[in-house]
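>>> Return a 3D structure for these sequence lines:
(one chain, ligands or ions: 2)
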Amino acid sequence: MPILAVVGTGYVGLVTGVLLADFGHTVTCVDVDAEKINKLCNGQIPIYEPGLEPIVMRNLTCGRLHFTTDIRVAVEESEVIFITVGTPPKEDGRADIQYVLHAAREIAKWMNGYKVIVNKSTSPVGTARAIKQTIHQVLHERGVNFPFDVVSNPEFLREGTAIQDFMHPYRIVIGAENPHAIERMKAVYGFCYKNEVPTIEANLETAEMIKYASNAYLAMKVTYINEIANVCEKMRADIQLVAEAMGLDQRIGPSFLKAGPGYGGSCFPKDASALIRMAEDCGESLQLVEAMIKSNQLQKLRMVDKIRDGLGDLAGKNIAILGITFKPNTDDIRESPALVILPRLVELGAKLRVYDPCGRINGERAFRDILDSIAWCGDIYEAVSDSDATVILTDWDEFRSIDFDRYESLHAGKVLFDLRNLYERQPMTEKGFLYFGVGK
Ligand SMILES: NC(=O)c1ccc[n+]([C@@H]2O[C@H](COP(=O)([O-])OP(=O)(O)OC[C@H]3O[C@@H](n4cnc5c(N)ncnc54)[C@H](O)[C@@H]3O)[C@@H](O)[C@H]2O)c1
Ligand SMILES: O=c1ccn([C@@H]2O[C@H](COP(=O)(O)OP(=O)(O)O[C@H]3O[C@H](CO)[C@@H](O)[C@H](O)[C@H]3O)[C@@H](O)[C@H]2O)c(=O)[nH]1
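Ligands and ions are numbered 1, 2, ... in the order given. As a prediction, the model looks like this:
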């Protein structure tokens, strides 16, 4: 059984390392962030991911899982080394692979025998070859000649459901040049999944492209349903029934058809832009993906128009905001629709009373320019107290069961902008609410 190392202990690295350990592998997770590693060594989880903490504790205790800032030991002791560092967007939309190549250089510095270097970071086509070249160069500088293979093994987990996604992936993609590397990867995953998960073996370029093509397609599904929702609103049609009926067609499928305020997160936006640049670099244009990005930006602004149309002049209005994270069950607010919608509401004169079950710490940082207009609240009812209207921005489960009797007793304005369609219009209207959903 190969000993494993994971370089980069963020969302993907931590989940990968911890769950591979839970499947029985010996894993060392490395990060350059000493504070993060210190916390993890003490069993504290630096991110919010439901269910992860007990699994970390369990594997730390039984000695299969290690955290360190010392990449040397991790590399020397392992045979298969995953790279899971960030690939953030550059200003021109391209993915910045400098952290991936830096990790590759660090690995090459301490290689002491055959290694499989597995890139799990979402990286443009050509990155695996660049990793290979980087490692060759460092080994050459060191005057050594250890054999190694580079594998592209994109990750498809979602934040908030990362454990379930990692334990039961739809597929495993292994891009490699050498059958021996594929065999070592099968030794890693076959041990976990008993070969029950479909595995796609491909060349490096194909594996890298599968990740971008998948993310852009999912983002396009969301954007498509949002556009149809906008038309439904004008035509007395109900997007939820439209989506349900569409989804029953197996060729379409029911997932990623929930209309809302636009997609966000650390992946869809940056990966769509990177895909467009990748296409441009080889003389092609991806017009659907380009249109999707524009449409998604408009969708976020459209939510502001919806609120302004429903409430009138926003100057001096108190608006309760329920949810700022880009989706439920995460503390991540990267590219969240809230980042566009909240500053615009403030610009229009509104005061915001914000509650998010997990997003406050990241929110305080992201909204530092408008903090004077934000009151952070500890729960739903504190947020809605004395407000003129409530906006549901994230589909956290606790927002599905608001106690509306309590809501009324807090002098909360009976105007609800339900941007995740958690409620039905008719019962809300019967309760005396002015109700605005998306696409119904
Ligand atoms: N977040 C997701 O849900 C998700 C899902 C699938 C794929 N991805 C992709 O996976 C990659 C990682 O994403 P993330 O969200 O986990 O990022 P992240 O920012 O949460 O974590 C990256 C970590 O790498 C560390 N790091 C950077 N350089 C390092 C180095 N040289 N050595 C050791 N550690 C180093 C950072 O300190 C950080 O802790 C990205 O390419 C992303 O697109 C993310
Ligand atoms: O029907 C839907 C589904 C999603 N969304 C929005 O789309 C965004 C992304 O959601 P989701 O895909 O669940 O979250 P991520 O954690 O960003 O996961 C995506 O990005 C990851 C990083 O690449 C991939 O690994 C995953 O497969 C891919 O789903 C969020 O803003 C959601 O609110 C909708 O509005 N409607």
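>>> how about the strands in the stretch 1-150 of the chain?
Remark: strands assigned in the stretch 1-150 of the chain by DSSP state E, counting those that start in this stretch are 4-7, 27-30, 65-68, 80-83, 115-119, 148-152.
>>> Kindly provide the distance from whichever residue of the stretch 1-150 of the chain sits closest to ligand 1 to Pro88.
Using C-beta to the nearest ligand atom, the closest approach of the stretch 1-150 of the chain to ligand 1 is made by Gly10 at 1.7 Å. Yep, even glycine has a C-beta here, placed from its N, CA and C like the rest. To Pro88, Gly10 is 11 Å away according to C-beta to C-beta, to the nearest Å.
>>> The two - which one has more neighbours?
Gly10 (17 against 14; other C-beta atoms under 10 Å).
>>> Check whether the more buried one really touches Ile83, as I assumed.
No - counting by C-beta atoms under 8 Å, Gly10 does not reach Ile83; the two are 11.6 Å apart.
>>> near ligand 2, which residues of the stretch 301-440 of the chain?
326-327 (C-beta under 6 Å from any ligand atom).
>>> what about the strands in the stretch 301-440 of the chain?
For the stretch 301-440 of the chain, applying DSSP E, counting those that start in this stretch gives strands covering 318-322, 351-355, 374-376, 389-392, 415-418, 434-436.
>>> In contact with the residue of the stretch 1-150 of the chain closest to ligand 1, which residues?
31, 47, 84-86 (C-beta atoms under 8 Å, 6 or more residues apart in numbering).
>>> number of nearby residues for the residue in the stretch 301-440 of the chain positioned nearest to ligand 1?
Closest residue of the stretch 301-440 of the chain to ligand 1, C-beta to the nearest ligand atom: Asp332 (7.5 Å). Asp332 has 22 neighbouring residues, counting by other C-beta under 10 Å.
>>> pLDDT score assigned to it?
Here, the pLDDT recorded for Asp332 equals 93.
>>> Same check on the one 4 residues further on?
Looking at Ser336, its pLDDT is 98.
>>> Please renumber the chain so that the first residue is 50 from this point on.
Okay, using 50 as the starting number, the last item reads as Ser385.
>>> Once you drop chain neighbours, what's closest to Pro51?
Excluding its sequence neighbours, the residue lying closest to Pro51 (C-beta to C-beta, 6 or more residues apart in numbering) is Glu128, at 4.1 Å.
>>> export the strands of the stretch 50-199 of the chain to JSON lines and tack on mean pLDDT and mean neighbour count?
Output for the strands of the stretch 50-199 of the chain, formatted as JSON lines (pLDDT from 0 to 100; neighbours: other C-beta atoms under 10 Å):
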{"stretch": "strand 53-56", "mean pLDDT": "98", "mean neighbour count": "28"}
{"stretch": "strand 76-79", "mean pLDDT": "98", "mean neighbour count": "27"}
{"stretch": "strand 114-117", "mean pLDDT": "98", "mean neighbour count": "22"}
{"stretch": "strand 129-132", "mean pLDDT": "98", "mean neighbour count": "27"}
{"stretch": "strand 164-168", "mean pLDDT": "98", "mean neighbour count": "27"}
{"stretch": "strand 197-201", "mean pLDDT": "98", "mean neighbour count": "24"}
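>>> Make TSV out of those strands and add distance to ligand 1.
Shown next, in TSV, are the strands of the stretch 50-199 of the chain (distance: least, C-beta to the nearest ligand atom, whole Å):
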stretch	distance to ligand 1
strand 53-56	5
strand 76-79	5
strand 114-117	10
strand 129-132	8
strand 164-168	9
strand 197-201	12
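>>> Pro138 against Lys319, yeah?
Yes - at 4.3 Å, Pro138 and Lys319 qualify as touching, with contact defined as C-beta under 8 Å.
>>> Turn the strands of the stretch 350-489 of the chain into CSV, including distance to Ser458, mean pLDDT and mean neighbour count.
What follows is these, written out as CSV (distance: least, C-beta to C-beta, whole Å; pLDDT from 0 to 100; neighbours: other C-beta atoms under 10 Å):
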stretch, distance to Ser458, mean pLDDT, mean neighbour count
strand 367-371, 15, 98, 26
strand 400-404, 16, 98, 23
strand 423-425, 20, 98, 17
strand 438-441, 15, 98, 26
strand 464-467, 16, 98, 24
strand 483-485, 19, 98, 18
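>>> can those strands go into JSON lines with extra columns for distance to Tyr312?
Output for the strands of the stretch 350-489 of the chain, formatted as JSON lines (distance: least, C-beta to C-beta, whole Å):
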{"stretch": "strand 367-371", "distance to Tyr312": "19"}
{"stretch": "strand 400-404", "distance to Tyr312": "21"}
{"stretch": "strand 423-425", "distance to Tyr312": "24"}
{"stretch": "strand 438-441", "distance to Tyr312": "17"}
{"stretch": "strand 464-467", "distance to Tyr312": "18"}
{"stretch": "strand 483-485", "distance to Tyr312": "20"}
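>>> right, so of the ones you listed, which gets closest to Ile221?
strand 438-441 (36.4 Å; C-beta to C-beta).
>>> Give the helix, strand or coil label for Pro303.
With DSSP: H, G, I helix; E, B strand; the rest coil as the basis, Pro303 sits in coil.
>>> And the strands of the stretch 50-199 of the chain: which comes nearest Lys88?
Proximity to Lys88 (C-beta to C-beta) singles out strand 114-117 among those, at 8.8 Å.
>>> Get me the contact residues on the stretch 100-249 of the chain for ligand 1.
Counting by C-beta under 6 Å from any ligand atom, the residues of the stretch 100-249 of the chain near ligand 1 are 133-136, 148, 151-152, 155, 170-171, 204, 206, 208.
>>> wait, doesn't Val246 sit right on Ile221?
Yes - using C-beta under 8 Å, Val246 is in contact with Ile221, at 5.5 Å.
>>> Overlap of the contact sets of these two?
Tyr238.
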